[in-house]
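>>> What follows is a predicted protein model with its sequence.
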Amino acid sequence: MHIPHGGTVLIDVLIDEGELDEAWQTAEGLASPTQWLALADASAHTRPADAARVYQHEVDAHKHITGDGNYLEITKLLIKARSCHERLGSQTVFAQYVSDLRTEQKRKRNLMKILNQHHL
């Protein structure tokens, strides 16, 4: 299916109308980060694997940015990803992801503190 220039508007409409499978198909290559997150939030119960991938992708995009506001955003994304992995029964995969993230980002003391506060 070829989606013309207005594809990003179509993604918003599909999400708003609950046409999530079609929104996922349309989103590839077109969706903004905000749209990906909206789609993941709307699909977390029905497509937890897809939603978890979006959340983790956004964590990876944010992890090189410093600041407590960004660390809180990472934490929110991780909490959402954890819920998806719980639905999938893949908690060990999520635990390894967080462990790797912590190892990679260990110099960011405030991030570690916030993750600890949220049991991540």
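Perfect, I can see it now. Numbering: from 1, shown residues only.

>>> rest of the way, CA atoms for contacts and neighbours
OK.

>>> State the helix or strand in which residue 26 lies.
Following DSSP states H and E, the helix or strand that holds residue 26 is helix 20-27.

>>> Specify the next element, helix or strand, located C-terminal of that helix.
Helices and strands here follow DSSP H and E; after helix 20-27, the next one along the chain is helix 33-43.

>>> now for the lowest-mean-pLDDT helix or strand in the chain, which elements pack on it?
With mean pLDDT, DSSP states H and E as the measure, the helix or strand of the chain carrying the lowest mean pLDDT is helix 7-16 (a mean of 89). With contacts defined as 3 or more CA pairs under 8 Å, 6 or more residues apart in numbering; DSSP states H and E, the secondary structure elements packing on helix 7-16 are helix 20-27, helix 33-43.

>>> In this structure, which helix is the longest?
Looking only at the chain and at elements set by DSSP state H, the helix with the highest residue count is helix 68-88.
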